[in-house]
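>>> can't give you the sequence, but here's the structure:
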């Protein structure tokens, strides 16, 4: 199954959906499949400034701890408290209710520079 076409993707498996000046950020189904059972999530508080390509949090599974890398730069306006409390919700709906943070984007060109679904799927298919 391919990744949703209405999203942009970072090579590090985060997705981004632009909603005006805000970007909703989450992790891809491919990342969920690689990590398996998610047990802990560390997300930044609203007001935190994040930078594209830099770590903004961590997700822990029964297998490993993985860095969450911001696909865009800006200020966190909201974090998904529901998934912070119950990370397994990400696995059930990574592109919907499983979103992680919302960011007020400081450089909209960064969104355009992310991978489209076809390019992301091609890159992700080469990983195991």
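Arrived safely. These figures come from a predicted structure and were not determined experimentally.
>>> Can you list the low-confidence ranges for the protein?
For the chain, applying pLDDT under 70 flags the ranges 1, 127-128.
>>> who does the residue most central in space within it bridge with?
With distances taken as C-alpha atoms, centre = their mean, residue 26 lies nearest the centre of the chain, 2.6 Å away. Taking DSSP bridges as the rule, residue 26 bridges to residue 15.
>>> That one touches residue 91, doesn't it?
No: using C-beta atoms under 8 Å, residue 26 is not in contact with residue 91, being 11.6 Å away. All C-beta atoms are positioned from the backbone trio N, CA, C, and that covers glycine.
>>> Overlap of the contact sets of the two?
Common contact partners of residue 26 and residue 91 (C-beta atoms under 8 Å, 6 or more residues apart in numbering): residue 98.
>>> coming back round to it: now do the contacts for the residue nearest to the centre of the chain.
14, 15, 90, 94, 95, 98, 99, 100.
>>> Check the gap between the residue lying closest to residue 49 once chain neighbours are set aside and residue 83 for me.
For residue 49, ignoring the flanking residues on the chain, the nearest one in space by C-beta to C-beta, 6 or more residues apart in numbering is residue 75 at 5.4 Å. According to C-beta to C-beta, to the nearest Å, residue 75 stands 20 Å off from residue 83.
>>> So these two - more neighbours on which side?
A side-by-side neighbour count of residue 75 and residue 83, using other C-beta atoms under 10 Å, places residue 83 first with 25 against 16.
>>> Just give the number of residues close to residue 38.
The local packing of residue 38 (other C-beta under 10 Å) involves 24 other residues.
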